[in-house]
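Q: Fold the following and give me the result.
(chains A and B)
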Amino acid sequence: MRLFRLPFDRSVAAIVVTLLTLVLSLGAAAQESRETTDEDAQREEVRRSVEEAAGAARQAIEAVPDPAQAATQASEEQLSQGTPVREEMFVYSLSPWTGSAFGGTFAPKNVDTIFLMEGSHSIVNAQRTEVYYWPITSEYMANWFEMREEVPGRLQIEQNGQVIETLERVDYGYYYPQGYGGPQLLNLGEEAVRAYDDYQSRIDAYYDSLTRYYDDQRQWQQTMDRILREVRDTGQPKDPDEIPQPPTQPQPPQDFAYQPRQAFAVNLPAGRYTVKVIGEDGNVVPDSERTLEVFKPRRTGVGLGVIPEHKWTRRFQSNDASDVFYLDGTRVFYILPYNAQEFNLFKYAKMTNLHKPLEGAGTRSAWTWVQFDPVADATLQVLKDGQVVQEIRQQPYYVKQSTGYALGYEIVRFDPENDPTHEGRAPTFEGYRVVMQDDADYELRFVDANGNVLAGSTRSVRALEQPGGSLFGISLIPLGVGAIIFGWRRSKRRKDSSSGDE
Amino acid sequence: MSISFRAHAVRVAAKRELRSTLYGVGLYAALAVIFLASGYFFVNSSIRSALDAGVLALQNPITEPFFFSVGLAATYLGLCSALSVSRDRDQGTLEVLFYGPVDTISYLMAKFFHQLLAFVVVLAFAIVNFYVISLITNLGFTADFVGFLVLSLFLTSCMVSFGIFLSVITRRMMASVIAFLALVLFFLGFSVAHTIVMSLPGESMTPLLVYVRVIIDNMNSVMQWISPLSYFSRGMTAVFMKDFGQYALSLFSSVVYTGILFSLSVAIFKKKGVRR
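A: Reported below is the predicted structural model:
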């Protein structure tokens, strides 16, 4: 998602990075223990270091806060500045699905409308915490770390005065299949528990294999020391077959799973609802009644990120299918297609920023396109006079900076197999390279694997002509017509008056 | 007065006034100035931006200058209608006219259709102007344009009825001209301010600007029903979105707007009478 930077990213990332650093820095901790002379004691020390690191990692994983809390928890620095007035209150903590990730916000008691997106689950929880206004950033903050009480009960959802759903709390957990920073999935119920248990068992297996690895590596090192000693003593080189292969260091799991927690998972069709928490005594929990607005996109399409080859840092977007690409002469550019949706800006901004009163304020009449995940397995077709003249596949590209003092760069195909300068590097971007001639008007469109045109992916391409002064000359046509009519009327009147005189 | 008599009166009066408009130079001069301004401020700047960028995605750059041109032309015709009733009253023509087979409805309808027919002439010039521009620049002349053409007729109907309404409620010619220009400028200024404020990136906004945006956004919820330009703007969005329902709704609401203002004009005109 390119329009809004999710606020919880930084804090959660800090925690997760710390956690992963802890996991990966285990090697150093274990290495230090090798100073011990006694072999058994040495082995025992390595094992203990690994177990300590594993325990610390487990604790860190369990301590990773929910996005809603990570986004709205005041930092130590904020808490130490001034004396904010904390008020204990009922709040809804919210992790709404934004189309690409789960955001984080909360609805203090003065917020009467909550916004969620249609078509997917969002996490809603009823809690009591201390809330205070932080004037420096103009937002409400919650003191989650010191006070976080779950309000027991069920979430009742009403529409037009009728109860349409009553939700119980369910287990939920976020899962990142490609690691933190990659795509985020929400698992509910048993699935959340299973995903977390599976992740935990793989973390445990990793630490077990790490312990074995250090044992194997120590033995390999001892063997190598002995071989080197023998070579040194005898002066005879060893047969390469006698030299053992070093053990391979195990890799930690690349994915990441949150520890399951409990909250309400809300997934409703677009509309206006009333939500309230029904306590264990059957009464409505005070301050829990709010309006819930579930919204949907106004339009759905394919948003294009466009990178002109001659100005690769000046990329631009085209989300509306009525956009036309205008070219000055023959041009090369790269297209990066994304699934895109157009939302009401106010609702989309408020969805993840209820704790910021100014965020999105005054944008009820504005609309915004949001680009989500890249379009996968598509082919770009170039059409001329309605006929496909070229099909372009997605390729990885690498932006190579010019060497020397001169500024400049070159966009080349990323090819680590044939270009040694690409080895160990990642492509700068993956896209579709388009070379457009200025000889005719073209059309670009994306088709899926079955050849179906992706809705909203078509764009016209036209080569511009320099009009020069004729642009303004045309504007004078009405004046010319007016002058002719005026002259004709004048001569007619003159004729009429002269014939009248006769 | 029977419908056929009234229709005849409307036809005769509208035809006479249209002829007078077409034989004058005012309309043509106004169109030339409008097309020059739209060519310079919109078409030329879009072409320059695209040429500077090398490759650029734009919504058809003919659309904005067309909106600007027909908006100004409709304003010009609205101003003419604002002038006409109060001028007739000012000069005493109205009183004389009403001794003949003319009543309030036929008189005001003649004024309305006169300006609407004049706008058809404006549209003919606009089509030629923008078609030739699209040919020489290769900006393109899309099918959406037909939707804008129809829409512009309804915009003009709103503008003209608004002008007639102001002309009826004010007794003096100067007052109606000032009121019309002031209100149209306010609508136009508001529309521009709303577009600019909404396009500002949220991250860089100071709290003061946010409050300004809130005020403008709240005002917009009222203005969208008062300003004739808002009806056209909504219709244009519907054309871009290929949303026929919204387009039809936009046309319908323009008709309702015209109908309400015209009915009010008739009622006020009857109450005020034809004397100076």
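Q: which residues touch residue B:184?
A: Residues in contact with residue B:184, defined by C-beta atoms under 8 Å, 6 or more residues apart in numbering or on different chains, are B:75, B:78-79, B:159. In this view, the C-beta of every residue, glycine as well, is placed from N, C-alpha and C.
Q: Farthest pair within the residues you listed?
A: B:79 and B:159 (8.9 Å; C-beta to C-beta).
Q: Do you know the pLDDT at residue B:250?
A: On the pLDDT scale, residue B:250 is placed at 91.
Q: Count the residues that sit near it.
A: A count of neighbours around residue B:250, defined by other C-beta atoms under 10 Å in any protein chain shown, yields 23.
Q: Tell me if it really is in a helix.
A: Yes. Counting by DSSP: H, G, I helix; E, B strand; the rest coil, residue B:250 is located in a helix.
Q: That one and chain A, how far apart?
A: 15 Å (C-beta to the nearest C-beta, to the nearest Å).
Q: Would you mind measuring from that residue to residue B:258?
A: 13 Å (C-beta to C-beta, to the nearest Å).
Q: Which residues are in contact with each of the two?
A: In contact with both residue B:250 and residue B:258: residue B:154, using C-beta under 8 Å, 6+ apart.
Q: what about stretch A:91-107, start to end distance?
A: Stretch A:91-107 has an end-to-end distance of 5 Å (C-alpha to C-alpha, to the nearest Å).
Q: Kindly give the local confidence score, pLDDT, for the closest residue to chain A within the stretch 51-200 of chain B.
A: Closest to chain A within the stretch 51-200 of chain B is residue B:57: 3.7 Å, counting by C-beta to the nearest C-beta. Looking at residue B:57, its pLDDT is 91.
Q: cool, residue A:71 as well?
A: 75.
Q: Please apply the same query to residue B:108.
A: Looking at residue B:108, the pLDDT reads 92.
Q: quick one on the thing from earlier: any chance of the contacts of residue B:184 in a markdown table with pLDDT, neighbour count and distance to residue B:62 as columns?
A: As requested, the contacts of residue B:184 are exported to a markdown table (pLDDT from 0 to 100; neighbours: other C-beta atoms under 10 Å in any protein chain shown; distance: C-beta to C-beta, whole Å):
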| residue | pLDDT | neighbour count | distance to residue B:62 |
| --- | --- | --- | --- |
| B:75 | 87 | 25 | 20 |
| B:78 | 87 | 28 | 24 |
| B:79 | 88 | 22 | 25 |
| B:159 | 88 | 31 | 21 |
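Q: Tabulate the residues you listed (JSON lines), appending secondary structure and distance to chain A.
A: Formatted as JSON lines, the contacts of residue B:184 follow (DSSP: H, G, I helix; E, B strand; the rest coil; distance: C-beta to the nearest C-beta, whole Å):
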{"residue": "B:75", "secondary structure": "helix", "distance to chain A": "16"}
{"residue": "B:78", "secondary structure": "helix", "distance to chain A": "19"}
{"residue": "B:79", "secondary structure": "helix", "distance to chain A": "18"}
{"residue": "B:159", "secondary structure": "helix", "distance to chain A": "19"}
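Q: Please list all residues in contact with residue A:417.
A: Residues counted as contacts of residue A:417 (C-beta under 8 Å, 6+ apart): none.
Q: secondary structure class for it?
A: coil.
Q: if I look at it, how far off is residue A:401?
A: Residue A:417 is 22 Å from residue A:401, by C-beta to C-beta.
Q: and if you look at residue A:135?
A: Residue A:135 is 44 Å from residue A:401, by C-beta to C-beta.
Q: ok so, going back, which helices and strands sit right next to the helix or strand harbouring the residue of the stretch 51-200 of chain B closest to chain A?
A: Remark: residue B:57 resides in strand B:55-59, with elements defined by DSSP states H and E. Helices and strands touching strand B:55-59, by 3 or more C-beta pairs under 8 Å, 6 or more residues apart in numbering or on different chains; DSSP states H and E, are strand A:299-308, strand A:316-318, strand A:323-327, helix B:45-53.
Q: can you pull the contacts of the nearest residue to the residue of the stretch 51-200 of chain B closest to chain A once chain neighbours are set aside?
A: What sits nearest to residue B:57 in space, not counting adjacent residues and going by C-beta to C-beta, 6 or more residues apart in numbering or on different chains, is residue A:318, at 3.7 Å. Taking C-beta under 8 Å, 6+ apart, we find residue A:318 in contact with A:303-304, A:306, A:325, A:459, B:57.
Q: Reformat these as a markdown table; add neighbour count and distance to residue A:263.
A: What follows is these, written out as a markdown table (neighbours: other C-beta atoms under 10 Å in any protein chain shown; distance: C-beta to C-beta, whole Å):
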| residue | neighbour count | distance to residue A:263 |
| --- | --- | --- |
| A:303 | 23 | 32 |
| A:304 | 29 | 37 |
| A:306 | 21 | 40 |
| A:325 | 25 | 46 |
| A:459 | 22 | 42 |
| B:57 | 20 | 42 |
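Q: where in the chain is pLDDT low?
A: Since you didn't name a chain, this refers to chain A. Within chain A, the segments meeting pLDDT under 70 span A:1-39, A:74-83, A:404-406, A:500-502.
Q: try chain B instead
A: Ranges of chain B meeting pLDDT under 70: B:1, B:203-204, B:275-276.
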